[in-house]
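**Student:** Here is a sequence together with a model predicted from it:
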2 protein chains.
Amino acid sequence: MVRFRMEDIDSILEPLRLSVKEQGDIVRELKAQKAPELDIKTAVAELKKRKKALQDKENELVAAEAPFDRVQFEACLKKRFFFGQAFEIYGGVAGLFDYGPVGCMLKNNVIDLWRRHFITNDDMLEVECTMMTPSKVLEASGHAQRFADLMVKDLTNGDCFRADHLLEAAIEKALTDKTTSEELKADMRATSPLIEGFSKEELGAKLSQYKVKSPSSGGDISEPMEFNLMFRSEIGPTGAQPAFLRPETAQGIFLNFKRLLDFNNGKLPFAGAQIGHSFRNEIAPRAGLIRCREFQMAEIEHFYDPADASHSSLESVKELILPFFTKDAQMGGGKLTKCSIGEALKNGVLCNETLAYFIGRIFLFAKAIGIDPARMRFRQHMDNEMAHYAKDCWDLECRTSYGWVECVGCADRSCFDLQCHAEASKVNLQAERTLPQPIEKEVFEAIPVKKFIAKQFKKDTPAVTEAIVSADAADLEKQFENSEKITLAGFEISKEMIQLKKSVKKFHTESFTPCGEEVFTIPPLVAPYKCSVLPLSNKPEFDPFINTISSGLKSLSVAHKVDKSSGSIGKRYARTDEIAVPFGVTVDFHTVKITPATVTLRDRDTLDQIRVPVQDTANLINEMASQRQSWAQVAARYPSQDDWLKENPLE
Amino acid sequence: MVRFRMEDIDSILEPLRLSVKEQGDIVRELKAQKAPELDIKTAVAELKKRKKALQDKENELVAAEAPFDRVQFEACLKKRFFFGQAFEIYGGVAGLFDYGPVGCMLKNNVIDLWRRHFITNDDMLEVECTMMTPSKVLEASGHAQRFADLMVKDLTNGDCFRADHLLEAAIEKALTDKTTSEELKADMRATSPLIEGFSKEELGAKLSQYKVKSPSSGGDISEPMEFNLMFRSEIGPTGAQPAFLRPETAQGIFLNFKRLLDFNNGKLPFAGAQIGHSFRNEIAPRAGLIRCREFQMAEIEHFYDPADASHSSLESVKELILPFFTKDAQMGGGKLTKCSIGEALKNGVLCNETLAYFIGRIFLFAKAIGIDPARMRFRQHMDNEMAHYAKDCWDLECRTSYGWVECVGCADRSCFDLQCHAEASKVNLQAERTLPQPIEKEVFEAIPVKKFIAKQFKKDTPAVTEAIVSADAADLEKQFENSEKITLAGFEISKEMIQLKKSVKKFHTESFTPCGEEVFTIPPLVAPYKCSVLPLSNKPEFDPFINTISSGLKSLSVAHKVDKSSGSIGKRYARTDEIAVPFGVTVDFHTVKITPATVTLRDRDTLDQIRVPVQDTANLINEMASQRQSWAQVAARYPSQDDWLKENPLE
């Protein structure tokens, strides 16, 4: 087999690219002049022909560049039982595959990494929704009407074929047939590149003009008809609840939008994510694992305020240099634009920061699972190939022995889906930009009496004040019942420094109510979040420590929850107890003021607290979360919070 | 609410237990005497009534013992979005639930632990099969005929009800109704405990006798009819491939039996495992997450030679003391048998080692995910409640606010399923106990010439001989082309010590053929197995080192493959390259003879080899497998294999 280097490939493709560009300019010109529709259509058809010639040549050269025996490779994968045809002992079913031990391990590892790379790293909210879906849901989303392929039926034996594949195959055969007239061959050559965009009527006309017969019986075929690609079923025994198996996982995220928004305390942006199986009843699936009737997918829906598409983590991907294949470049037959994500944003290749951030993260993930960056490109969809729900779409395509294959789709669905479901279900699926009505509540507060505090504590006054505000008033009241002086955050406080006050206040957000006294005691190994990270208050001076601990935990893939919301530490602990978080880290004034920096580490089950260095924290949590070390083992090596505070007073 | 201690409960239940025992003895006696069938049936009916009274009382006492507000608890789980009703904005669908962020994390952690506890720890073979299943497969397994519930239809509006639930509800209502005659009440009280075992005709007769009407319309109901609990669909557009969604994951393991047996080199025992979703179209699901229409399950099928049910890892669970609830004890109204697994085997409570081992592992898993051992029992199925495929069955039941709930089923399915599928598919699904026909092959071997070796190496002769036998003959030939002497395993070998010989040999097993020269370069993070562990040969002196490294890796949950099969190290490395194993550990004579013990560590991508202490090995592999350290970083800290061998000659 001849091998080509990339430079050779470029020089061979150059004239084909020029020819595409030439025709692209003509189309643009005609559109600008508002020329008759027929003229534009003819010019676009010619453009598509030239684009197809360019793409075919490129795929051919690329395949030659990296000779690779796919047949032998697939045979090896099957022999080693990475995967196999499903139900093979019963003759097999096209488009259904089983994974064997090595295939499972590989797929599990990819999923595990996906979860850590996307969900854990960006605090996304995972959901797992049912596959069985009532018809009305998929009617609302447009899938029941539009998720279809055109097929024809063999009128003698009932076999079904995809109409476009059948037409392509018939043309391919006729072109190599000596008995086909030159006139017909010319017509076929002109038709070939247009098939992808043909309507039902256009396909029918050509199948009839070329007298295409059924490949299985040689008999006549029906007119093309729409075949919905979703598997049908029924829920329950009455027949009154028609259903489909979902064709994608996104709808489940949209349907749970309100719950997720609540979970995120009503705030945008946030992302929902789902890893799960979907089903597409392909008419006649080919191409192995690339087109299956049942497959697993991982999907993210990032919800943001349309008035603000900025992304706070953009910096982390801004310098990545990626190969972009814009829709203009495709129209112009041009090459990839290689530039950094930052530059792509500046020159308008990428329309907003959120899209840019996700493209960067997708690239990093693809690289991490072993895809060679030299074989990747991000291709923007042309206006005429976008799905019914999409506004803008970029695909990560990888160069394989099949040519360029779409591996990840990154679409701006705007608010299409939420609007569809809101209309159909009559449930409001909007996020609030304004705050909801304030709620009145009785509160019991500890108010610092500054004159007495300042008199005794001088420059420590802010720390003492903060400690009093953060404390639980009822708890303080109880302590003062027994003694005149109490210790708070290492300071000795007398009664006159605190005013305990009950009053009615207006709240703009309702705080959570823990359910009863009982809390979960799920073992750390299976607990959802392994630890909470709480600053004593939301003052910015705590942030660097919170960030250090949080990124340490992220690097070890330890799920955790940072809670900077207001409310006393006690209340915030109660909130984490309710979702079974086994360990809690608190950053306080001692963290900020005493070197080396330390934090409080709290155990859910014993309520014990110890004092540990910031730099050890992430590792300790990881050890305990994986149950390699118990709380008792860790606690034995560090001072208790009380002892440590006595030894380390704030001066 | 009144609380009871376990001793109180036992004393309250004592008379009820005695009453069950009394009746159990009568049934046994009648059976032994071969009494008329009607007499036995009447006695069994009475036994069931007494058992139900015992069970109801026990559930009532148990619920009182641990007062727990389930309504409040479930409200909290929904508020925190552990889970929620699916399609709620569209009115919801019974038996379908979505998991939210915290629920997903919890479930993912349980699944992750399950995979490590069962699959990784016992080298099980995982598969992932499709849910969509052709009808003929489930006809062969018996599910299409027997996986059904009895239902009745409201003749006015078509609503459907489970016949047994409807009868139970009607009785419960009539018993509290003052207008019901005492005679009818007595009849109903006698019927109630028998409903579970009623045939279609018996249910129909009672529904008709009690004049039960539809709860939704008050109108008449149909005779009971069988409703298959599997969801129906069709594969492909022709309508010629009817299908069901699988009701359990086990069938996929059975259908892949041959491939898994091949994967395991044709050897029994081995276990296949699958984690996946199943579907049951319940007629009217209740009881929240306990009975869903779509749910995830984890299943293991352990295949063993029926002539040998021993288990090599039994020792590890033998001392566990478990609560067994045997079928005899249930017949006798008796209490749990608390004894060690070893004792249960000795006194015949457990029928074989394999069953005993799995019961032990199930207990350890349940404990690890946080289930209190005091709330567990292993209950043996009575003969009349076993599924159509089972020979013996034990359930792990947990005591919850619903009473005792089955959480894990452990059934001896004997060879029911494999036989069904073999008959229906005409494919042989038997394992070979004898070796297959030998295959003739040309081989190129390096044969040690002992007289020259012994003369120079004296007591090291065995090590040198072993090194020569394990080396690649073609490689040795090439080395000798350039020099008279070469170094092998640290020994300087001259040409006369090796005879290179080509010959035709008979093989009883075919060795694997690597596919071409290209190997996978999947990154360590996603590679299926992270490392291979290979002894230089299958001599027993290597075993302790292999075991140390393997258990070290297991304790860190690092997937690895021990390969003690024959074949040179080079060939075995090629075999692991083919399934993308990134690192290889070799135990050789130097490992055995030089203290501290060291092994060779090999990198797949660079082919570099370094020498590392046995005690560091598992940690190093773990660090590299999780990509916290690169090969280069590790290699920089240890001597290369070549350098180390020069410094450490075998004396």
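**Tutor:** Perfect, thanks for sending it.
**Student:** Alongside chain B, which residues does the stretch 351-500 of chain A contribute?
**Tutor:** Those residues of the stretch 351-500 of chain A that sit near chain B, judged by CB under 8 Å from any CB of the partner chain, are A:Ala368, A:Ile369, A:Gly370, A:His421, A:Ala424, A:Ser425, A:Val427, A:Leu429. (Each C-beta comes from the backbone N, C-alpha and C, glycine too.)
**Student:** Show residues contacting stretch A:547-565.
**Tutor:** Contacts of stretch A:547-565 with the rest of the structure, by CB atoms under 8 Å, 6 or more residues apart in numbering or on different chains, involve A:116, A:120-121, A:265, A:528-535, A:538, A:546, A:572, A:575-576, A:579, A:581, A:585, A:587, A:599, A:614, A:617-619, A:621-622, A:625, B:105.
**Student:** Filter those residues down to the ones in strands?
**Tutor:** By the criterion of DSSP state E, membership of the contacts of stretch A:547-565 in strands covers A:Cys531, A:Ser532, A:Val533, A:Leu534, A:Pro535, A:Val585, A:Val587, A:Val599.
**Student:** Okay, the fifth one and chain B: tell me how far apart.
**Tutor:** I take that to be A:Pro535. In this structure, A:Pro535 and chain B are separated by 22 Å, where distance is defined by CB to the nearest CB, to the nearest Å.
**Student:** residues near that residue, how many?
**Tutor:** Under the neighbour criterion other CB atoms under 10 Å in any protein chain shown, A:Pro535 is assigned a count of 24.
**Student:** That one - nearest residue in space that isn't next to it in sequence?
**Tutor:** Nearest residue to A:Pro535, sequence neighbours excluded (CB to CB, 6 or more residues apart in numbering or on different chains): A:Phe542, at 3.6 Å.
**Student:** Pull the contacting residues for the one you found.
**Tutor:** With CB under 8 Å, 6+ apart as the criterion, the residues that contact A:Phe542 are A:Pro535, A:Leu536, A:Val587, A:Asp588, A:Thr591, A:Val592.
**Student:** Now do the contacts for the first one.
**Tutor:** For A:Pro535, the contacting residues are A:Phe542, A:Asp543, A:Phe545, A:Ile546, A:Lys564, A:Thr586, A:Val587, A:Asp588, taking CB under 8 Å, 6+ apart as the criterion.
**Student:** confidence score at it?
**Tutor:** The predicted local distance difference test score for A:Pro535 is 94.
**Student:** returning to what we had before: just among the residues of the stretch 351-500 of chain A next to chain B, which is most surrounded?
**Tutor:** Most surrounded of these: other CB under 10 Å gives A:His421, at 21 neighbours.
**Student:** pretty sure that residue contacts A:Gly252?
**Tutor:** No - distance between A:His421 and A:Gly252: 11.1 Å, which falls outside the contact criterion (CB atoms under 8 Å).
**Student:** Give me the helices and strands touching whichever strand or helix holds A:Leu138, please.
**Tutor:** Take DSSP states H and E as the rule and A:Leu138 turns out to sit in helix A:135-140. Based on contacts counted as 3 or more CB pairs under 8 Å, 6 or more residues apart in numbering or on different chains; DSSP states H and E, the elements that helix A:135-140 packs against are helix A:143-146, strand A:242-245, helix A:250-255, helix A:416-425.
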